[in-house]
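>>> this one's sequence-less:
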């Protein structure tokens, strides 16, 4: 099948981990002892991680625009851990995209090495750049709260005739009107808001379902997260947080037969701690009742490198989107989105979504992957 040619909107920490990770698995090859380590699937259809190739990228930061991709992914304010630095090819030149609402004003109060510094350049013609690069899909890594900018890139993907993978909590794929636009254009899309491999949301979902499956009643829960990357700095502006809180909260609530009262659940970022850099620390508490109504409490602390924790999930999302594209499927990919994203068009239990993905990859009937969306709820 050849390469999967992708475009990146945003060259931050998550994009850096993705690009480095692709090179890492390319070097390991299929015979290395650890070639499958950290991947949910080494092969998705005919595609391996090294078959993904970034052919164009867009950013707005003066330290990244005009640089090769493999330089830009290490430029400030990126602060994720290095996976590898030496690449066989430099990658495409990062092009200037539209700023729109992609930069929060409060960032100007912080040191240059912690914030975005917008380049004083005019945006390129994004649709023309996508067409010229002959890419198969656009992967969105813009900052949380960039509603206008994400909608711009989603429309650019439609206009360029390519797929769309939305890794942030601006609701495109889970929005019925946007989903229909991709369906009408005959293009697949995956979203919204990528889950980590073993992150706060997937752990919280799993424990919530554990309470339900074991007959315990969950009465109240919180999930508080701290970190020192640009994502956490950006989210200090609470006006940009609405969709993020909805995404993370619904991901957990969907695992319950009866959702908790809003006053009994709190999920979201807690604070920006610069010295943590790309390390994210999650503090989780769950209060409930077990046999005979006797109280039980669970507390958990999870520490992860935030951006690499989502890179392997993105590699699966990209490859599933390409397999769907190869098979002529269009619109939101429901089980793929349910398994890999926090805010899909339809919430499912993770094991059910995974089983449907495996059926899809085994080339069983394709209507399991992209039927018309139903209302968002847990699948019984």
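Everything's here; your move. Worth saying up front: this structure is predicted, and the values here are computed from it rather than measured.
>>> so where do the helices sit in the stretch 151-300 of the chain?
176-185, 200-213, 230-234, 242-253 (DSSP state H, counting those that start in this stretch).
>>> and residue 146, which of the ones you listed is closest to it?
Ranking those by distance to residue 146, with C-beta to C-beta as the measure, places helix 230-234 first at 9.0 Å. To be clear about C-beta, it is placed using only N, CA and C from the backbone, and glycine gets the same treatment.
>>> residues of stretch 288-302 that come out buried?
Buried residues in stretch 288-302, counted by 16 or more other C-beta atoms under 10 Å: 288, 302.
>>> that older thread, just the helices of the stretch 151-300 of the chain: most buried one?
Most buried of the helices of the stretch 151-300 of the chain, by mean neighbour count (mean count of other C-beta atoms under 10 Å): helix 230-234, with a mean of 23.
>>> Could you give the average pLDDT over that one?
Mean per-residue pLDDT for helix 230-234: 96.
>>> Contacts for that helix next, please.
Helix 230-234 is contacted from outside by 12-13, 77-79, 104, 107, 110, 114-116, 143-145, 225-226, 240, 269, 271-273, 280, 306, using C-beta atoms under 8 Å, 6 or more residues apart in numbering.
>>> Can you tell me which of those residues are buried?
Of the contacts of helix 230-234, these count as buried by 16+ other C-beta under 10 Å: 12-13, 77-79, 104, 107, 110, 114-116, 143-145, 225-226, 240, 269, 272, 280, 306.
>>> Okay, angle between the longest helix seen in the chain and helix 200-213 too, please.
For the chain, the longest helix by residue count, based on DSSP state H, is helix 308-326. Compare the direction of helix 308-326 with that of helix 200-213 by axes from the mean of the first three to the mean of the last three C-alpha atoms, to 10 degrees and you get 80 degrees.
>>> elements contacting helix 308-326?
Applying 3 or more C-beta pairs under 8 Å, 6 or more residues apart in numbering; DSSP states H and E, one finds that helix 308-326 contacts strand 4-9, helix 13-28, strand 52-59, strand 137-140, strand 163-166, strand 188-190, helix 334-340, helix 350-361.
>>> count of residues packed around the nearest residue to residue 287 once chain neighbours are set aside?
Spatially, and ignoring its direct neighbours in sequence, residue 287 is nearest to residue 220 (4.6 Å; C-beta to C-beta, 6 or more residues apart in numbering). Applying other C-beta atoms under 10 Å, we find 15 residues neighbouring residue 220.
>>> Could you pull up the contacting residues of residue 220?
If a contact means C-beta under 8 Å, 6+ apart, then residue 220 has 260, 264-265, 286-287 as its contacts.
>>> Return the member of those nearest to residue 56.
residue 265 (40.5 Å).
>>> Pairing partners for that closest one in the sheet, please.
residue 221 (DSSP bridges).
>>> measure residue 133 to residue 186 for me?
Distance, residue 133 to residue 186, by C-beta to C-beta, to the nearest Å: 20 Å.
>>> ah, wrong one, I meant residue 354
According to C-beta to C-beta, residue 354 and residue 186 sit 27 Å apart.
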